[in-house]
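[1] Sequence and computational prediction follow.
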Number of protein chains: 2
Amino acid sequence: MDISWDDLKTVCLLVRHGTLADAADALGVNYTTVSRRVRRAEGALGEPLFERLADGYRPTARARLIAEHAARMEEAEHDLMRRLQGQDTRLSGVLTITAPQLLIAHFLSPVLDRFTRAHPEIELRILATNALVDLARREADVAIRISRNPGDSLKGRRLLAQDSASFANADWASRLAADPETMVDWIVYDAYPDVPKAATDLFPNQRVRFRFDDMVAMTGAAVSGLGVVRMPMFLGRATPGLQQVPVLDPQPYPDVWVVAHPDVWPSAKVRAFVEPLVETAKSCRSEFVA
Amino acid sequence: MDISWDDLKTVCLLVRHGTLADAADALGVNYTTVSRRVRRAEGALGEPLFERLADGYRPTARARLIAEHAARMEEAEHDLMRRLQGQDTRLSGVLTITAPQLLIAHFLSPVLDRFTRAHPEIELRILATNALVDLARREADVAIRISRNPGDSLKGRRLLAQDSASFANADWASRLAADPETMVDWIVYDAYPDVPKAATDLFPNQRVRFRFDDMVAMTGAAVSGLGVVRMPMFLGRATPGLQQVPVLDPQPYPDVWVVAHPDVWPSAKVRAFVEPLVETAKSCRSEFVA
DNA sequence: TCCATGACATGCAAATTCGCATGCGGAAGA
DNA sequence: TCTTCCGCATGCGAATTTGCATGTCATGGA
């Protein structure tokens, strides 16, 4: 009655993902392998761990108990790997960065370009997403985030302060200039679902016409003339077809941070990435504020 | 840079044991396998984990870091296995008992006999040793111990109270009876290295002649006439060639306990072993006290 | 009703991992 | 000084593990 640690991990991931294929992806093996490892674990235990159903593997209580403890083991493993990584002095290998797509598109790209030129041995992997990537679980090494408090237990540097303002396409701009009584159609971001409070009294007629969950899409919608958006100034200024409109006075927007897990922060690759980034940010300040 | 959990465990055990062969024994594999897993781990990390010396593998700081974290993983594993075992309702498979040799020889054997007759599907494994076997690490499932407090975090039942007394062979017995002035040669146990304080004033001349670390050897020495021993009464009474001598009045000796880890205690096999044992102990009380 | 899809089982061949046997070098003891 | 023992490295065949291809079954939509 002895289960190998790899089999424990396999059971854990199968409990977590529910199907052989998904667990196999997470492990980087073929799903057949997951199936067989689970079978082997069941053999070692002498009791079944999953119900085989048409839509996946359903864990028994016993399997969930295994998963719980394997999760503790996994945590220790992540902890270990982070520490090893923090001691890594090599400027080679993989470095994984995550940042919001729009920051990459309009601010980060030149930094990435210079970085890979300066360190050709480092393979840079980019996760362009607004989703919160888990640095403790080593889904990425460094994160660039737009946030008021960029991470409870993370170490980081504040790169930039930002202001937001209202932007729209040229049609809207001229319409607003011509007639303050016109109805202002807002395209708002899910995270801030109300018409911005600081909207000036200049335009008495305002309403929320669309609510989006994605800033890329909002930008496109605004360019197409669907309405007025509130967005960080760097984004409005950098987007062809948008111009600032005086519906909303510039106001503070969450800062831009670069963060990493404290264990990982000292690693050579992270230091090599962060330091020039901070310098670059300094020279870009004016693009981000009113 | 990803190390399999089994390889982490292997590195951990190599750090702990120092040589390939010992680590391999602990893992239940050939030492060649340990060598190769370590090499694979080093390859994954890109850095050496051990210095190969003439007398074994010497871990680097990095290897010790791995060992520390793998030890946390191991703890989670033991925790898991104990819990699974506690839920085990089967009366089949292996049950491991540890007890002092002399308790097995003179008290436990009939219990073991009845147990295996009643449960032929259970394979009983006995660790006959005075050394403290680690129940949290699952070195044994059940321990029978002679102790004042049989285990901080263990669950158990007190089986028997004991008295100790002084014993010697027939020669000594008659010599002591004939001449109270004779020199009493003590054979003492390392754990209690002084002449027992409660020795009666009947014999004014007493000295420590031998100090032993093992009660089996002491028993033999006493039978051979090397001196007088203080031992639990059950042992003196059960040893052919020894008789109680009045150098020392019977006095309390640490109790006999049966203990298991609380997680394991509820398991069917443990219950099946402990309950009859408690009953048997009740009927043996008189053999253990004055 | 039929088809497409998703999830799993299984046979087979390739790849990997493992254990055994042998050889090497250094240290302790005769 | 010689021998033995201990610990390790390495080559080779065996055993195990893995991935791929194929087949089955259940579900849901056209």
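    Arrived safely, thanks for sending.
[2] ok, residues contacting stretch A:112-124?
    Stretch A:112-124 is contacted from outside by A:91-95, A:97, A:104, A:126, A:269, A:272-273, A:276, using C-beta atoms under 8 Å, 6 or more residues apart in numbering or on different chains. All C-beta atoms are positioned from the backbone trio N, CA, C, and that covers glycine.
[3] Including neighbour count and secondary structure, could the residues you listed go into a markdown table?
    Formatted as a markdown table, these follow (neighbours: other C-beta atoms under 10 Å in any protein chain shown; DSSP: H, G, I helix; E, B strand; the rest coil):
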| residue | neighbour count | secondary structure |
| --- | --- | --- |
| A:Leu91 | 16 | coil |
| A:Ser92 | 14 | coil |
| A:Gly93 | 14 | strand |
| A:Val94 | 11 | strand |
| A:Leu95 | 23 | strand |
| A:Ile97 | 25 | strand |
| A:Ile104 | 19 | helix |
| A:Ile126 | 16 | strand |
| A:Lys269 | 25 | helix |
| A:Ala272 | 16 | helix |
| A:Phe273 | 23 | helix |
| A:Pro276 | 13 | helix |
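[4] Farthest pair within the residues you listed?
    A:Ser92 and A:Ile104 (23.1 Å; C-beta to C-beta).
[5] in the stretch 101-250 of chain A, which ranges drop under the pLDDT threshold?
    A:193-200 (pLDDT under 70).
[6] burial measure for A:Leu27, as a count.
    For A:Leu27, the neighbour count with other C-beta atoms under 10 Å in any protein chain shown is 19.
[7] Give me the secondary structure label for the nearest residue to it once chain neighbours are set aside.
    Leaving aside its sequence neighbours, A:Leu27 sits nearest to A:Leu13 (C-beta to C-beta, 6 or more residues apart in numbering or on different chains; 5.8 Å). Using DSSP: H, G, I helix; E, B strand; the rest coil, the structure places A:Leu13 in helix.
[8] which residues touch A:Leu13?
    A:23, A:26-27, A:34.
[9] and the residue of the stretch 51-200 of chain A nearest DNA strand D?
    Minimum separation of the stretch 51-200 of chain A from DNA strand D (C-beta to the nearest atom of the strand) falls at A:Ala54, amounting to 3.9 Å.
[10] Report the two of the contacts of A:Leu13 separated the most.
    A:Ala26 and A:Val34 (9.3 Å).
[11] how about TSV for the contacts of A:Leu13, with pLDDT and secondary structure added?
    Formatted as TSV, the contacts of A:Leu13 follow (pLDDT from 0 to 100; DSSP: H, G, I helix; E, B strand; the rest coil):
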residue	pLDDT	secondary structure
A:Ala23	96	helix
A:Ala26	95	helix
A:Leu27	96	helix
A:Val34	97	helix
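[12] tally of neighbours for A:Arg138?
    18.
[13] what's the spacing between it and A:Ser35?
    27 Å (C-beta to C-beta, to the nearest Å).
[14] repeat for A:Arg125
    30 Å.
[15] cool, A:Thr19 as well?
    11 Å.
[16] For the closest residue to A:Gln206 other than its chain neighbours, give me its contacts.
    Take A:Gln206 and drop its neighbours on the chain: the residue closest to it by C-beta to C-beta, 6+ apart is A:Val184, 4.3 Å away. If a contact means C-beta under 8 Å, 6+ apart, then A:Val184 has A:176, A:199, A:203, A:205-207, A:227-228, A:247 as its contacts.
[17] Can I get these in a markdown table including secondary structure and neighbour count?
    As requested, the contacts of A:Val184 are exported to a markdown table (DSSP: H, G, I helix; E, B strand; the rest coil; neighbours: other C-beta atoms under 10 Å in any protein chain shown):
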| residue | secondary structure | neighbour count |
| --- | --- | --- |
| A:Leu176 | helix | 19 |
| A:Ala199 | strand | 19 |
| A:Phe203 | coil | 20 |
| A:Asn205 | coil | 11 |
| A:Gln206 | strand | 17 |
| A:Arg207 | strand | 10 |
| A:Gly227 | coil | 21 |
| A:Val228 | strand | 28 |
| A:Val247 | coil | 23 |
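[18] Now render the residues you listed as TSV, adding distance to B:Gln162.
    Shown next, in TSV, are the contacts of A:Val184 (distance: C-beta to C-beta, whole Å):
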residue	distance to B:Gln162
A:Leu176	97
A:Ala199	88
A:Phe203	94
A:Asn205	95
A:Gln206	90
A:Arg207	89
A:Gly227	89
A:Val228	90
A:Val247	91
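[19] and the two most separated of the residues you listed?
    Top of the distance list for those (C-beta to C-beta): A:Leu176 and A:Arg207, 14.4 Å.
[20] that older thread, looking at the contacts of A:Val184, which one is closest to B:Arg211?
    Among the contacts of A:Val184, A:Ala199 lies closest to B:Arg211 (C-beta to C-beta), at 92.6 Å.
[21] Output the longest strand belonging to chain A.
    Secondary structure of chain A read by DSSP state E shows that its longest strand is strand A:155-168.
[22] Pull out the buried positions in that strand.
    A:155-157, A:159-160, A:162, A:164-168 (16 or more other C-beta atoms under 10 Å in any protein chain shown).
[23] quick check, A:Asp185 in a strand?
    Yes. Per three-state DSSP, A:Asp185 lies within a strand segment.
[24] how close does A:Val270 sit to B:Pro232?
    64 Å.
[25] Ok, A:Val188 next?
    From A:Val188 to B:Pro232 the distance is 83 Å (C-beta to C-beta).
[26] The two - which one has more neighbours?
    Set side by side, A:Val188 and B:Pro232 give different neighbour counts by other C-beta under 10 Å, the larger being at B:Pro232 (26 against 20).
[27] so which of the buried residues of strand A:155-168 comes closest to B:Cys284?
    Distance ranking of the buried residues of strand A:155-168 against B:Cys284, using C-beta to C-beta, places A:Lys155 first at 64.8 Å.
[28] Next one: the closest one relative to B:Ala76, how far apart?
    Distance from A:Lys155 to B:Ala76, counting by C-beta to C-beta: 27 Å.
[29] any idea where the helices of the stretch 1-150 of chain A begin and end?
    A:5-17, A:20-27, A:31-45, A:61-86, A:101-103, A:109-118 (DSSP state H, counting those that start in this stretch).
[30] With distance to DNA strand D added, can I get those in TSV?
    As requested, the helices of the stretch 1-150 of chain A are exported to TSV (distance: least, C-beta to the nearest atom of the strand, whole Å):
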stretch	distance to DNA strand D
helix A:5-17	7
helix A:20-27	7
helix A:31-45	3
helix A:61-86	16
helix A:101-103	32
helix A:109-118	30
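[31] Of these, which stretch is the most buried?
    helix A:5-17 (a mean of 23; mean count of other C-beta atoms under 10 Å in any protein chain shown).
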